[in-house]
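> Task: produce atomic coordinates for the following.
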Amino acid sequence: MKIPQAPEEPKTYVTTERAGFVVAGRRVPPVYEAGKPARPTVGFELNLLDAEAEYELAQRTIALKKEPKNPKAEKTS
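All right, here's what the predicted structure looks like:
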């Protein structure tokens, strides 16, 4: 008998410069620059489960988003 486990929480990943227009079955929006062909957005956030991210991490098309260590460090003046 299997022991029920809590559902896995998705993690936030960002696309790298190696990413194409489709990453883990999701479309990455293009960036348009005058006189150049469209390219995929670098730094686009994706919420993926570990199983969804496994292949893309191996291909280095995504990276785990780094959370700021001290979110209150922003200056408010």
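> C-alpha from now on. contacts and neighbour counts both.
Will do.
> so how many other residues sit close to Gly43?
The tally of other residues near Gly43 (other Cα atoms under 10 Å) stands at 16.
> just Ala53 next, same as before
When neighbours are counted by other Cα under 10 Å, Ala53 registers 23.
> Which neighbouring elements make contact with whichever strand or helix holds it?
Using DSSP states H and E, Ala53 maps to helix 50-59. Applying 3 or more Cα pairs under 8 Å, 6 or more residues apart in numbering; DSSP states H and E, we find helix 50-59 packed against strand 62-64.
> redo that, cut-off 10 Å
Judged by 3 or more Cα pairs under 10 Å, 6 or more residues apart in numbering; DSSP states H and E, helix 50-59 is in contact with strand 11-15, strand 22-23, strand 45-48, strand 62-64.
> roughly how far out does it sit from the chain middle?
10 Å (Cα atoms, centre = their mean, to the nearest Å).
> picking that back up, tell me which of the helices and strands packed on helix 50-59 is the most buried.
Of all the helices and strands packed on helix 50-59, strand 62-64 has the most neighbours on average by mean count of other Cα atoms under 10 Å, namely a mean of 20.
> Show residues contacting it.
With contacts defined as Cα atoms under 10 Å, 6 or more residues apart in numbering, strand 62-64 is touched by 11-19, 23-24, 42-48, 53-57.
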